[in-house]
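**Q** Okay, predicted coordinates and the sequence, questions at the end:
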Amino acid sequence: MRKTYQQLKWFLQLYRRQYVLAILLILASYAASLIPLRLVGYMSDRIVAGTMMIPELVRLVVMMLGLTVLLYVVTYFWQLYTFKASDVIAFETRKRLVRKYLAQSPPFFQRNSTGSLMGKATNDVSSLETLAGFGVMSLIDATIYPFSLLVIMATTLSWKLTLFSIVPLPLLIFLSTKLGAVYNRRYDEAQQAFDEMNERVLENIAGVRVLRAFGQQAAEEAGFSGSAEHLYEKHMAVARLEALFPALSRVVPALSYVVAIVLGAHYVGIGEMTSGELVSFVIFLNMLAWPMLALGEFINILEQGSASLDRIEELTFYKEDVSDRPGAVPYAGGGDIVFDGLDFCYPDTGTDVLKDIRFTLRSGQTLGLVGPVGSGKTTLLKQLLRFYPLERGRVLLGGRPLEDYSIDSVRAAVGYVPQQHVLFSRTIAENIRMGEQCGSGLSLDEAVELADFAKDLPQLPAGLNTLAGEKGVALSGGQKQRIQIARALIAEPEILILDDSLSAVDAQTQEKLLAALRRTRRGKTTLISAHRLSAVMHADLILVLDDGCIAEHGTHHELMAYDNWYKAQFLRQQLEQEAVHARA
């Protein structure tokens, strides 16, 4: 519990006024609920003795009704303050998690699956919210409330009967503590099983077309059933332990109840207590049932919340793989791009993907990257975006190491069109405007025209206001690519990166796009990777990568002057294109 307190200390200090006020109101509610119980004993003795007058009875009944109304009012406000604070901690924690997710680089997402990240932002945050709300209430009800009851019982009724009645209670605390430790482990296993099933569902939804195409629905359904059954078993293990808490919380107080009845009857018989006092004592003891249940509930909630908090803190304290170095300056734009002996391997692999990469791209020039599949083209382009830490060799931008600049300022100066289609479930216009930066840039219509997407608008039901659907499901591959290009161009970036971003468009559309880029991006740097060599033939510098190394370099005319991979590939693609035209 101390560990959980330390983890939540920042929040408890921030909202200590609300919690203090809630606790004071809870104490007031205890008084409003306990006073009538003592009055019941007093009234019982007066009625049995025949000394209760009607005016006094009416006065006592009115007092009890007034205390009941006060109890409801006070309860409303303490619940309002307590559960408002729990809603706030859920809100703040989700914001922290999303902020953390957005600040991470690819290695983070390679180590943490999407299902796991979603589970932490939903299930785990909900458990934390319960701990901060119902858990706090249960803690107070399991500590202050029973303590108040016991003090009243001992001081106003019988201290001996009170002492004997609470003898079984330490057994409840001992057993609950032992069960809590086991519960924590079982709950953590259940959350991990939930993450795994969540990830499987996401993969199935994203790849449903592939599953159908290969007839794998039945196999995947069987696999999902296995994941669901595994989750069910883990949750049942948790449920079996959960069921023990209320059982313990009822059985142990029942023992106290038996002790109170037997000894209480004896004390009434020998004159140490009146029958009214015994009635009050039994009612007080009966009210100890909820605190015992609350103790079980609190231990249950504490173990859930503690396990969830540990899982959340794994992320919130995760050290970014790539971060700004002290004294990083904003990138002002322009300048040459220099790769100076860069070697690179992906984290946790140990195998170099780029080897001794050396070249200089002058400001305003265009670089073409070509080579066989898996030769390192995409990896090379990503180095400019600082998705991964640079370990061996250097990348210079404007004469300074790339690490000298703040990450955000470099990325703001780069228009990036990735290989994979990345569109959001918003309108096409909103997807394109995501690329806008503060200051000057192209208008939406200009970006659409430059990306050669204007011709598609009449085919769309609502033009630019058409919903793209999740991951652009409502669009063709060529449309997705051109929307991404428009998104990259709308800010008129200093550096434009097209990572095999023309593969889904026809040759005519490609040529139109490239001609527009050459016309509008004079004096700005462009990097293009492609499998279709016609996309880079106008580049100022072409690099041919092979197994992470620069195998050939030069302009199109220089590379065509001798026998090499580039020339052979270019001639083969020309023949294929001519054959296509001949068939047409």
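**A** Okay, I see it.
**Q** what's the neighbour count on His266?
**A** Residue neighbour count, defined by other CB atoms under 10 Å, stands at 12 for His266. C-beta coordinates here come from the backbone N, C-alpha and C atoms, glycine included.
**Q** cool, Ile428 as well?
**A** Other residues lying near Ile428 total 28 when counted by other CB under 10 Å.
**Q** quick one: contacts for it?
**A** Neighbour list for Ile428: 460, 463-468, 483 [criterion: CB atoms under 8 Å, 6 or more residues apart in numbering].
**Q** I'd like to know which of these is nearest to Asp408.
**A** Compare each of the contacts of Ile428 with Asp408 using CB to CB and the shortest gap goes to Ile483, at 23.9 Å.
**Q** on that earlier part again, I'd like to know which of the contacts of Ile428 are buried.
**A** Neighbour counting by 16 or more other CB atoms under 10 Å classes 460, 464, 466-468, 483 among the contacts of Ile428 as buried.
**Q** Downstream of the strand or helix carrying Tyr267, the next helix or strand is which one?
**A** Using DSSP states H and E, Tyr267 sits in helix 217-269. Per DSSP H and E, helix 217-269 leads on to helix 275-287 as the next helix or strand towards the C-terminus.
**Q** returning to that earlier point: which ones among the contacts of Ile428 are found in strands?
**A** Secondary structure defined by DSSP state E assigns none of the contacts of Ile428 to strands.
**Q** will you turn those into TSV that also has distance to Val210 and pLDDT?
**A** What follows is those, written out as TSV (distance: CB to CB, whole Å; pLDDT from 0 to 100):
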residue	distance to Val210	pLDDT
Leu460	26	88
Gly463	31	88
Leu464	30	90
Asn465	30	90
Thr466	25	89
Leu467	23	85
Ala468	20	85
Ile483	23	92
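**Q** Considering these, which is situated nearest to Leu157?
**A** Of these, the one sitting nearest to Leu157 (CB to CB) turns out to be Leu467, at 69.9 Å.
**Q** picking up where we left off before, which other helices and strands contact the helix holding Tyr267?
**A** For helix 217-269, the helices and strands in contact under the criterion 3 or more CB pairs under 8 Å, 6 or more residues apart in numbering; DSSP states H and E are helix 159-165, helix 169-206, helix 275-287, helix 289-316.
**Q** Can you redo those as a markdown table, where the extra columns are mean pLDDT and distance to Met560?
**A** Conversion of the helices and strands packed on helix 217-269 to a markdown table gives the following (pLDDT from 0 to 100; distance: least, CB to CB, whole Å):
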| stretch | mean pLDDT | distance to Met560 |
| --- | --- | --- |
| helix 159-165 | 83 | 98 |
| helix 169-206 | 76 | 42 |
| helix 275-287 | 77 | 93 |
| helix 289-316 | 79 | 52 |
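**Q** So which of those has the densest surroundings on average?
**A** For the helices and strands packed on helix 217-269, the largest average neighbour count (mean count of other CB atoms under 10 Å) is found in helix 289-316, namely a mean of 21.
**Q** mind checking pLDDT for the most centrally placed residue in the chain?
**A** For the chain, the residue lying nearest the average C-alpha position, counting by CA atoms, centre = their mean, turns out to be Ala121 (3.4 Å). For Ala121, the pLDDT comes out at 87.
**Q** Please report the distance of it from Tyr101.
**A** Ala121 sits 8 Å away from Tyr101, going by CB to CB, to the nearest Å.
**Q** Next, the residue nearest to Ser425 when sequence neighbours are not counted: phi, psi?
**A** Sequence neighbours aside, Glu470 is the residue nearest to Ser425 in space, at 4.5 Å (criterion: CB to CB, 6 or more residues apart in numbering). Backbone torsions for Glu470, taken as degrees, to the nearest 10, come to phi -60, psi 120.
**Q** Repeat that for Ala462.
**A** Per-residue torsions, Ala462: phi -130, psi 20 (degrees, to the nearest 10).
**Q** cool, and Arg426?
**A** With angles defined as degrees, to the nearest 10, Arg426 sits at phi -140, psi -180.
**Q** Adding distance to Gly269 as columns, could you present the helices and strands packed on helix 217-269 in CSV?
**A** Compiled in CSV, those are given as follows (distance: least, CB to CB, whole Å):
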stretch, distance to Gly269
helix 159-165, 13
helix 169-206, 26
helix 275-287, 10
helix 289-316, 26
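**Q** Can you say which of these is nearest to Thr520?
**A** Judged by CB to CB, the one of the helices and strands packed on helix 217-269 that comes nearest to Thr520 is helix 169-206, at 35.1 Å.
**Q** How is this structure divided into domains?
**A** 1-157+295-318, 159-272, 337-582 (the TED database).
**Q** Do you have the strands of the stretch 351-500 of the chain handy? List them.
**A** Counting by DSSP state E, counting those that start in this stretch, the stretch 351-500 of the chain has strands at residues 352-361, 366-370, 392-397, 400-401, 414-417, 495-499.
**Q** Run me through the strand neighbours of the first one, direction for each.
**A** Looking back up the chat, that one is strand 352-361. Sheet pairing for strand 352-361, assigned by DSSP bridges, gives strand 337-345 (antiparallel).
**Q** and the next element down the chain from the host helix or strand of Glu511?
**A** In the assignment (DSSP H and E), Glu511 maps to helix 507-520. Proceeding C-terminally, helix 507-520 gives way to strand 525-529 as the next helix or strand, assigned by DSSP H and E.
**Q** quick one: strands adjacent to that following strand?
**A** Sheet pairing of strand 525-529 (DSSP bridges) gives strand 366-370 (parallel), strand 495-499 (parallel).
**Q** mind listing the strands for the stretch 51-200 of the chain?
**A** Using DSSP E, counting those that start in this stretch, no strands are found in the stretch 51-200 of the chain.
**Q** which residues sit against stretch 464-484?
**A** 206, 417-418, 421-429, 431-432, 444, 448, 451-453, 456-457, 460, 501-506, 509, 513.
**Q** just the buried members of the residues you listed?
**A** Restricting the contacts of stretch 464-484 to buried positions leaves 417-418, 421, 423, 427-429, 431-432, 444, 448, 451-453, 456, 460, 501-502, 504-505, 509, 513, with burial counted as 16+ other CB under 10 Å.
**Q** tally of neighbours for Ala247?
**A** A total of 10 residues lie near Ala247 under the criterion other CB under 10 Å.
**Q** how much space between Asn204 and Ala474?
**A** In this structure, Asn204 and Ala474 are separated by 20 Å, where distance is defined by CB to CB.
**Q** now Arg400
**A** Counting by CB to CB, the gap between Arg400 and Ala474 amounts to 44 Å.
**Q** When those two are compared, which one has more neighbours?
**A** For Arg400 and Ala474, the more surrounded residue by other CB under 10 Å is Ala474, and the numbers stand at 17 against 12.
**Q** list the contacts for Leu278?
**A** Leu278 makes contact with 264-265, 267-268 under the criterion CB under 8 Å, 6+ apart.
**Q** Just the buried residues out of the residues you listed, in ChimeraX syntax.
**A** Provided next is the ChimeraX selection string for whichever of the contacts of Leu278 are buried by 16+ other CB under 10 Å:
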select :264,267
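**Q** JSON lines for the contacts of Leu278, including distance to Leu390?
**A** Conversion of the contacts of Leu278 to JSON lines gives the following (distance: CB to CB, whole Å):
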{"residue": "Gly264", "distance to Leu390": "79"}
{"residue": "Ala265", "distance to Leu390": "83"}
{"residue": "Tyr267", "distance to Leu390": "82"}
{"residue": "Val268", "distance to Leu390": "85"}
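**Q** closest to Thr351 among the contacts of Leu278?
**A** Gly264 (78.8 Å).
**Q** Sounds good, over and out.
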